[in-house]
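K.L.:
With the sequence up front, the predicted model follows.
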Amino acid sequence: MDEEGGVKDMKIVVVGPGAIGCAVAASVAQEDTEVFILGRERHKEYFKKNPVVYKSYTGDFSSKVEAITVDDLKNGNVKPDALFITLKANPTLAFVKDLEDALSKDTHIVSLQNGFTAQDLFDKTKFENVYPCVIGFNVLLENDGVAVQTTDGDIIVGKLTADMSPEKGKDVPEFIVNALSKIAPTSISDNIVSDVWMKVMINCTINPICAIGNFALGEIASDVSGLTLALWTWKELIHVVDALELKLNPFQGRLYPEMLYNYDIISFGIARTVVTRMTRENKDAIVSTLQDIRNNKTTEIDYLNGKVVELGKEYNVKMPINELLIETIKKLEKGELKPSKGLIKKLYNQIVLS
């Protein structure tokens, strides 16, 4: 590491050449850091000929980086100081466990992912330095190797610890903060578990509803059945948070958990206004769960609503709305149902009449 705590003398492997992965690689490589993108053989050929590009709100970054494969890591061809993981949640735990013999237990694992992926890595692998990130902006993959920022926002990072001490959680190496700051404004959380929970709750609420209703993000506030289901989903999530005795930080400093807690017509109106404002900037976006369904891929529902339902059962919190959403998403994955506004209305009526 250089004297100012930069990232110049570090080796960073970015796992996954998707949107966030390309944004990380292109930005961090500006510091003359040794940055590698971990992908498949075809990515090695592509990045031999092409730079990785990130078109951000602060400017365009273009960098030449080397692509490597898992075999390169296992063979010791690259010994990284840190893995910046940008994979979907589903394969991550198995992927990281497969690298345990090849990497030191002190390797820094930075998770830029949805759900409780980082917690799984901390609990179930040998790696002791695990850092969850909350990403408050959206990035799309325009073409192979080219990422484009589509909304404004920042990054929150913290370190997981066995006793969940807020003070120990602030112990994030400067090179990680500096690397992330090249992508977007970055801060260290005094309670990263709280921040992760808020992002998970947003994803658990918006993603399945938009996917089931075949909505673009901005449509959720205008569909009464969809919005009502979303707010009922949020209420169940809050009950789990209460059972865990967690104190939640506001998301992006603006969204407080009580803003979406619906208990009468006035709170419904407030929540509708909040959701409208939250989604306005990126109203035409298609959430990842709906993208997966359209592309016949497995969604991350088990790592979002599924994980919270598991916790709910442990604490005797009933979560019928979340369970129904999980069941419906799995039917959509199998092609047994088709996403539509009519399906959202059907679920709403099913719950009201049950």
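P.N.:
Cool, got the structure. Numbering: from 1, shown residues only.

K.L.:
what packs against whichever strand or helix holds residue 326?
P.N.:
Using DSSP states H and E, residue 326 sits in helix 320-334. The criterion is 3 or more CB pairs under 8 Å, 6 or more residues apart in numbering; DSSP states H and E, and the helices and strands that helix 320-334 contacts are helix 192-213, helix 224-244, helix 288-294, helix 305-314, helix 341-353. Where you see a C-beta, it was placed from the backbone N, CA and C, and this is true even at glycine.

K.L.:
Run the angle between it and helix 224-244 for me.
P.N.:
In terms of direction (axes from the mean of the first three to the mean of the last three CA atoms, to 10 degrees), helix 320-334 departs from helix 224-244 by 120 degrees.

K.L.:
Show me what helix 320-334 is in contact with.
P.N.:
The contact list for helix 320-334 (CB atoms under 8 Å, 6 or more residues apart in numbering) reads 204, 208-209, 211-212, 229, 232-233, 236-237, 289, 292-293, 298-299, 301-302, 305-306, 308-309, 312, 337-339, 343, 347, 350-351.

K.L.:
Filter these down to just the buried residues.
P.N.:
Neighbour-count burial (16 or more other CB atoms under 10 Å) applied to the contacts of helix 320-334 gives 204, 208-209, 211-212, 229, 232-233, 236-237, 289, 292-293, 299, 301-302, 305-306, 308-309, 312, 337, 339, 343, 347.

K.L.:
Where does pLDDT dip in the stretch 151-300 of the chain?
P.N.:
Residues of the stretch 151-300 of the chain meeting the criterion pLDDT under 70: 164-169.

K.L.:
how about 80 then?
P.N.:
By pLDDT under 80, the weakly predicted segments of the stretch 151-300 of the chain are 163-170, 252-256, 281.

K.L.:
Show me the strands in this structure, by range?
P.N.:
Remark: strands assigned in the chain by DSSP state E are 11-15, 34-38, 52-56, 59-63, 66-68, 82-85, 108-111, 129-135, 139-143, 146-149, 155-157, 186-188.

K.L.:
For residue 22, which of these is the nearest?
P.N.:
Across these, residue 22 has its closest neighbour in strand 146-149 (3.9 Å, CB to CB).

K.L.:
center of this protein, which residue is that?
P.N.:
Centroid-nearest residue in the chain: residue 114, 2.4 Å away (criterion: CA atoms, centre = their mean).

K.L.:
Would you agree that residue is in contact with residue 301?
P.N.:
No. With contacts counted by CB atoms under 8 Å, residue 114 stays clear of residue 301, the gap being 10.6 Å.

K.L.:
How much space separates the nearest residue to residue 145 once chain neighbours are set aside from residue 62?
P.N.:
Using CB to CB, 6 or more residues apart in numbering and skipping residues adjacent in sequence, the residue nearest residue 145 is residue 52, 5.0 Å away. As for residue 52, its distance to residue 62 is 7 Å (criterion: CB to CB, to the nearest Å).
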